[in-house]
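>>> Give me a model of this one.
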Amino acid sequence: MKYNRINILGLGNVLYGDEGFGVSALNSLQETSAFPDTVHFIDGGTQGIYLLDFIESADAVIVFDALIPLDYDRRVYVYRNDELPDFIHRKMSSHQMGFSEMLGIAKLHGKMPKEIVMIGAPPKDLEMNIGLSPELNLLLPEAVAEGRVIIEGWLTE
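Model prediction:
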């Protein structure tokens, strides 16, 4: 099934190092890709619940974010659809709670996208500074490539 509206969200606070991983991944994907007008790039920052419409209005959604699974290595993680509730075990910032709440509200409204994917990596440095740590900078191309492959699949299904 080809999707009419694909929203790509980048979450995180770019002022706190690796917490800005999602926004960095979004920007990198947007700068290195040429997708049709049906693909929308949204810098969600830390807006949390205010991004609900971007979830509910889409056929498919990718969310890039820094995330900490319960047991983790420093690598890129990709969660799809039913796997999503398992990914938020530790909170790093207010937007994570907002994203979790958004999914619950979208489900209650009966407006969940047909596909939702989260792509992220565990942060190393959450100190106040702009830019990713060398460790997360090395993972950024893999996260972007994962997102690109998923979007291309959604555009051709």
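
>>> mind checking the longest helix of this protein?
Ordering each helix of the chain by length in residues (DSSP state H) puts helix 134-156 first.

>>> what comes up buried for that one?
Buried residues in helix 134-156, defined by neighbour count with 16 or more other Cβ atoms under 10 Å: 136, 139-140, 143-144, 146-148, 150-151, 154. Heads up, the C-betas are built off the backbone N, CA and C, glycines and all.

>>> want to try CSV for the residues you listed, with distance to K114 and pLDDT as columns?
Below are those laid out as CSV (distance: Cβ to Cβ, whole Å; pLDDT from 0 to 100):
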residue, distance to K114, pLDDT
L136, 30, 94
L139, 28, 97
L140, 27, 97
A143, 22, 97
V144, 23, 98
E146, 19, 97
G147, 17, 98
R148, 19, 97
I150, 13, 96
I151, 14, 96
W154, 9, 95
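
>>> what element comes up after the helix or strand bottoming out on mean pLDDT in the chain heading to the C-terminus?
None of the helices or strands of the chain scores lower by mean pLDDT, DSSP states H and E than helix 94-109, at a mean of 75. Next along the chain after helix 94-109, taking DSSP states H and E as the criterion, comes strand 115-121.

>>> now that next one against helix 134-156, angle please.
160 degrees (axes from the mean of the first three to the mean of the last three Cα atoms, to 10 degrees).

>>> what mean pLDDT does strand 115-121 have?
For strand 115-121, mean pLDDT rounds to 94.

>>> And for P113, the neighbour number?
As a burial measure, P113 scores 22 neighbours (other Cβ atoms under 10 Å).

>>> let's have the chain start at 210 instead
Done: numbering now begins at 210, and the last item shifts to P322.

>>> can you tell me which residues contact it?
Residues near P322 by Cβ atoms under 8 Å, 6 or more residues apart in numbering: 216, 264-265, 267-270, 315.

>>> Take the residues you listed and keep only those in helices.
264-265, 315.

>>> Which residue is the nearest non-sequential neighbour of L364?
Leaving aside its sequence neighbours, L364 sits nearest to K211 (Cβ to Cβ, 6 or more residues apart in numbering; 6.5 Å).

>>> Surely the one you found touches W363?
Yes. The criterion here is Cβ atoms under 8 Å, and K211 meets it with W363 at 7.4 Å.
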